[in-house]
Structure formats: C-alpha cells, structure tokens
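**Q** Need coordinates for the following:
(one chain, ligands or ions: 2)
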Amino acid sequence: MSGSAGTYIPGFGNHVSTEAVAGTLPVGRNSPQRPAFGLYAEQLSGTAFTAPRHENRRSWLYRLRPSAEHPPFTKYEGAPQFARATTSDPLAPNRLRWDPLPQRAGADLVDGITTMLVNRDPADLEGVALHIYAANRNMERRVFVNADGELLFVPQEGRLELLTELGRVVVAPGQIASVPRGVRFRALLPDGAARGYALENQGAMFRLPDLGPIGANGLANPRDFETPVAWFEDRDEPFEVIQKYMGVLWRTELHHSPLDVVAWHGNLAPWRYDLAHFNTINTVSFDHPDPSIFTVLTSPSDVPGRANADFVIFPPRWMVAEDTFRPPWFHRNIMSEAMGLITGAYDAKADGFQPGGLSLHNLLAGHGPDKASWDAATKAELKPHRLSGTMAFMLESCWPYRPTLFASESAQPDYDACWADFPKAQLP
Ligand SMILES: O=C(O)Cc1cc(O)ccc1O
Ligand SMILES: [Fe+2]
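**A** Ligands and ions are numbered 1, 2, ... in the order given. Sure thing, here's the model as predicted:
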C-alpha cells in the first residue's frame with residue numbers, strides 16, 4: 001500500500017493500536033489460534049520480558065509472512081565506511097573536530113553512512129555510536145535493520161522518508177526521528193539528497209528525562225512526539241536485507257518486502273519530534289547553567305544520574321544573564337561530549353565548527369569558548385539578546401568515544417589552535 005505519508009498518533013511511549021486494514025488487529029488477545037486473513041502474529045521486544053512495567057517496551061505485529069522465514073546472512077561488502085572498527089591504538093586525550101563530509105555518488109542511506117565515533121562493543125548492550133550519513137539515492141528493494149541499537153536520525157539537509165515495519169515517518173532538518181532496535185526500514189529521499197547524523201544507542205532506550213524541580217511540564221513534552229499509524233507494502237519481489245549485527249554488516253535476500261505489517265499494537269514504535277517544540281529553559285538571573293537543562297532524551301546507565309547517553313540541544317533562546325560570561329564556560333567534564341551542528345553558528349565557536357561538522361571533547365579534555373568567542377563575550381554589552389537561527393546538539397556519554405580509523409585520518413589538523421594565545425591573567 002502506498003500513498004502520502006503523514007498520519008501520526010501523538011504521545012511518547014504510549015500503548016498504540018493501529019491497523020491499515022479493518023479487522024486485522026485481534027481483539028482481547030495477542031496471539032489467536034488463527035489471526036485474521038492468515039496473518040502471522042509476532043512479538044518484537046525492546047526490553048527484557050521481565051523489565052519493570054514502567055520500562056517495559058514491546059509491540060505485537062500482524063504480518064503477511066513471519067520474519068523467521070529468511071535464508072542465512074552473509075557478510076555485506078558495501079557501505080565502505082559504515083561500522084568500521086576502531087584501531088587498537090591507545091586513545092589519545094586530544095580534542096578533535098571534523099568538517100562536513102562530501103557526498104558519495106549513488107549512495108543510499110546505508111551505503112552513505114560513515115561511522116565516526118563508537119564507545120562500546122555492541123555486545124555490551126551499552127554505549128553509543130555516532131554516524132554521519134550523506135545519501136542521494138532511494139532504498140528501493142533494500143531494507144536495513146540495526147540489531148545493535150536504536151537509531152536516532154538528526155537530519156541536517158534534506159528530508160528522510162523512513163518506511164518502517166510499523167509505519168511511515170517523514171523527518172526534516174530541525175526534527176529528529178527514532179527507529180527502535182530491530183525494526184526494519186528503508187529510506188527515501190523526497191528532496192533527492194539528504195545528510196545528517198545517525199546516533200546509535202546500544203544501551204537503554206532513549207526516554208524523556210525526569211524534570212525534578214522544573215515540574216510537570218517543560219523541555220520536550222510527551223504530546224509533541226508522533227508515532228506513525230500502521231502501513232505496509234505487499235510486494236512479492238526480491239528484497240535485500242542489510243543487518244548491522246555486533247558491529248558488522250550482513251545481508252540476506254527475501255522474495256518479498258518485509259515491510260508487510262498490516263496491523264500492530266504496543267509501545268515499541270518509531271517516532272518523530274520537532275525540536276521547535278522544545279520548551280527551552282534558561283537563567284533569568286546570572287551564570288550559564290549546566291547544559292543538562294537542554295536534555296531532550298536520556299538513556300540511563302546502571303549508575304543513577306550518569307547517562308549512557310544524553311541527547312542535548314542548543315536551540316534558539318534569549319540570553320539575559322547579568323554580569324555573566326554568557327557562552328559555554330571553560331570546563332573539563334567527566335562525561336564525554338560529541339557535538340554536531342544542524343544549522344547556524346554555535347556560541348562557543350566563532351569559526352571552524354560548520355553545519356554538518358562534528359567535534360569531540362572526551363572525558364576531562366579541557367575545552368570551551370574559542371579565543372574569538374571569548375574575546376567577544378568578555379567585551380559584549382549585556383543587553384537581552386536573542387540567539388536565533390541556530391541548532392547544535394550534543395551526544396554526551398559516560399563512555400569515552402573512540403574515533404574510527406576514517407575519523408582519525410580525516411580530523412581537522414589544527415583544532416587546538418582555536419585555544420592558543422589567551423592572554424595570561426595579571427595579578428596586582
Ligand atoms: O562543550 C560544549 O560546547 C557543550 C557545552 C555547552 C554548555 O553550554 C555547557 C557545557 C558544555 O559542555
Ligand atoms: Fe563541553
């Protein structure tokens with residue numbers, strides 16, 4: 001079934017019931033003896049069966065053919081920069097930054113992915129990886145599935161239309177979209193080409209952070225997340241399935257599209273979210289708050305308050321702090337920070353951090369405003385000022401990131417220079 005994408009159900013992590021054909025969703029049970037029309041019932045779990053109820057995520061899928069029906073996987077030889085392992089070299093305590101990557105001709109989303117940073121073995125079920133995609137070809141008879149983690153797409157140029165087993169999600173720059181671990185999908189490029197970031201979360205699924213004293217409302221509000229309604233395609237033709245499994249790409253071929261889920265219910269599903277809906281909170285007195293106030297999503301680790309990963313944004317906002325150095329301060333952080341820029345300029349970097357670029361400040365690396373930003377901010381007249389036309393993000397993790405071989409060879413050669421030549425303080 002095709003048609004225009006665009007019907008969504010509001011809410012985050014809700015229990016949804018949706019059917020693309022009337023009468024296909026069983027009533028009052030998950031696995032009837034004979035599902036309607038000969039459909040196959042399948043449970044897809046996102047958490048262990050026995051996870052506490054408030055964390056438990058799973059959906060029931062009703063499909064034309066069982067997912068179990070497939071030939072063996074063999075190694076996939078395409079996607080030369082996707083999921084490449086890191087070197088075993090010691091991890092240097094250096095700050096790194098990258099310019100946007102060039103497009104490669106004829107690459108779809110899978111072949112157009114470059115893995116830049118990884119910080120755990122996928123088999124640990126913890127950690128995150130940061131990939132950059134640059135694609136200019138639709139995935140026509142090919143689907144992708146990531147067994148290593150949830151994928152959070154952060155488009156920077158051009159829309160992605162994600163045709164998933166659980167429905168269609170269109171995501172544009174300024175929005176983000178999640179595809180849960182194990183959900184098969186293919187990506188179309190409605191604008192002909194697309195680039196952006198694909199953040200892979202190997203740990204606990206992203207959730208909304210607690211709000212503490214902020215109260216019951218604020219930051220990313222649950223009602224602004226959108227889950228697609230059921231959609232399927234009935235196509236009996238060869239389809240290649242590429243699977244990322246324990247850091248390696250594998251392929252198999254089916255004689256049908258696996259995007260054949262006619263109905264589903266549950267609380268494990270793709271979603272999208274428009275970052276413009278983020279209710280940004282900032283100081284109205286003094287000092288630059290910790291960036292945790294900008295947390296959109298968090299993936300907790302086993303240590304309370306120490307995230308496996310936080311997805312944090314730096315959105316347009318008013319800056320009104322009095323007697324304050326307003327941009328990000330100098331700091332050395334026990335957490336590791338990977339940053340991307342979706343649009344505009346970032347207030348700590350006057351130069352060299354471009355939309356589509358990437359920076360890495362690992363555990364305890366000294367960083368903060370570059371010399372030019374520091375100069376400007378120390379001299380600025382502190383009037384109310386609106387930071388506009390900007391959107392950066394940070395994927396902050398308790399696990400230090402390792403650049404891939406490609407990333408270590410393609411980093412800017414002179415990033416440290418942006419912190420050279422600060423004048424020495426002069427004591428009386
Ligand atoms: O390093 C960065 O630019 C990210 C960042 C932003 C901020 O406002 C405070 C701390 C921080 O690490
Ligand atoms: Fe930082």
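**Q** Name the residues linked to Val169 by a beta bridge.
**A** Following DSSP bridges, Val169 is listed with bridge partners Leu162.
**Q** can you check the one 10 residues further on too?
**A** Here Val179 sits in beta bridges with Leu151, going by DSSP bridges.
**Q** my read: it touches Leu162, true?
**A** Yes. The criterion here is Cβ atoms under 8 Å, and Val179 meets it with Leu162 at 6.4 Å. In this view, the C-beta of every residue, glycine as well, is placed from N, C-alpha and C.
**Q** shared neighbours of the two, anything?
**A** Counting by Cβ atoms under 8 Å, 6 or more residues apart in numbering, the common neighbours of Val179 and Leu162 are 153, 169, 185, 270.
**Q** First-to-last residue distance for stretch 269-277?
**A** From its first residue to its last, stretch 269-277 covers 20 Å (Cα to Cα, to the nearest Å).
**Q** any idea of the mean pLDDT in that stretch?
**A** Averaging pLDDT along stretch 269-277 gives 98.
**Q** Stretch 91-98 now?
**A** For stretch 91-98, the mean per-residue pLDDT is 97.
**Q** start to end distance for that stretch?
**A** Start-to-end span of stretch 91-98 (Cα to Cα) is 17 Å.
**Q** in that stretch, what counts as buried?
**A** The neighbour-count check on stretch 91-98 (16 or more other Cβ atoms under 10 Å) flags 95-98 as buried.
**Q** Stretch 279-298 too?
**A** For stretch 279-298, burial by neighbour count (16+ other Cβ under 10 Å) applies to 283, 288, 291, 294-298.
**Q** so who does the closest residue to ligand 1 within the stretch 151-300 of the chain touch?
**A** Proximity of the stretch 151-300 of the chain to ligand 1 (Cβ to the nearest ligand atom) peaks at Pro291, 3.9 Å away. By Cβ under 8 Å, 6+ apart, the residues touching Pro291 are 312, 314, 328, 394, 396.
**Q** ok, of these, which one's closest to ligand 1?
**A** For the contacts of Pro291, the closest approach to ligand 1 (Cβ to the nearest ligand atom) belongs to Pro328, at 3.5 Å.
**Q** And the closest one, how far from Phe294?
**A** Between Pro328 and Phe294 the computed distance is 11 Å (Cβ to Cβ, to the nearest Å).
**Q** How about Leu189?
**A** Counting by Cβ to Cβ - Leu189 and Phe294 are separated by 29 Å.
**Q** Same check on Ala276?
**A** According to Cβ to Cβ, Ala276 and Phe294 sit 14 Å apart.
**Q** With Arg386 instead?
**A** 16 Å.
**Q** residues in this protein within reach of ligand 1, list them.
**A** Within the chain, the positions adjacent to ligand 1 are 288, 291, 328, 331, 333, 337, 348, 361, 367, 394 by Cβ under 6 Å from any ligand atom.
**Q** Widest-spaced pair of those residues?
**A** Greatest spacing in these, by Cβ to Cβ: His288 and His361 (16.3 Å).
**Q** Report how many residues lie close to Glu233.
**A** Counted with other Cβ atoms under 10 Å, the neighbours of Glu233 add up to 16.
**Q** what's the spacing between the residue nearest to Gln156 when sequence neighbours are not counted and Pro52?
**A** Nearest residue to Gln156, sequence neighbours excluded (Cβ to Cβ, 6 or more residues apart in numbering): Gly196, at 4.2 Å. Gly196 sits 34 Å away from Pro52 when distances are taken as Cβ to Cβ.
**Q** neighbour count winner among the two?
**A** Gly196 (24 against 8).
**Q** Next up, the contacts around that one.
**A** 132-133, 153-158, 160, 173, 342, 356 are the contacts of Gly196 under Cβ under 8 Å, 6+ apart.
**Q** Among these, name the ones in helices.
**A** Counting by DSSP state H, the contacts of Gly196 place none of their members in helices.
**Q** Out of those residues, which comes closest to Lys371?
**A** Nearest to Lys371 among those is Gly356, at 23.5 Å by Cβ to Cβ.
**Q** contacting residues around the residue nearest to the closest one when sequence neighbours are not counted?
**A** Among residues not flanking Gly356 along the chain, Pro100 sits closest, at 3.1 Å (Cβ to Cβ, 6+ apart). Pro100 makes contacts with 195, 354-357, as judged by Cβ under 8 Å, 6+ apart.
**Q** rerun at 7 Å
**A** For Pro100, the contact set (Cβ atoms under 7 Å, 6 or more residues apart in numbering) comprises 354, 356-357.
**Q** Any of the residues you listed buried? List them.
**A** Of the members of these, the ones counted as buried by neighbours, 16+ other Cβ under 10 Å, are 356-357.
**Q** Just give me the closest of the contacts of Pro100 to Glu226.
**A** Gly356 (25.3 Å).
**Q** one step back: tell me which strands the one helix or strand the residue nearest to Gln156 maps to pairs with, and in which orientation.
**A** Assigned by DSSP states H and E, Gly196 falls within strand 194-201. Strand 194-201 has its sheet partners listed here by DSSP bridges as strand 128-135 (antiparallel), strand 150-157 (antiparallel).
**Q** Minimum distance to ligand 1, which residue of the stretch 1-150 of the chain gives it?
**A** The stretch 1-150 of the chain approaches ligand 1 most closely through Arg95 (9.9 Å), counting by Cβ to the nearest ligand atom.
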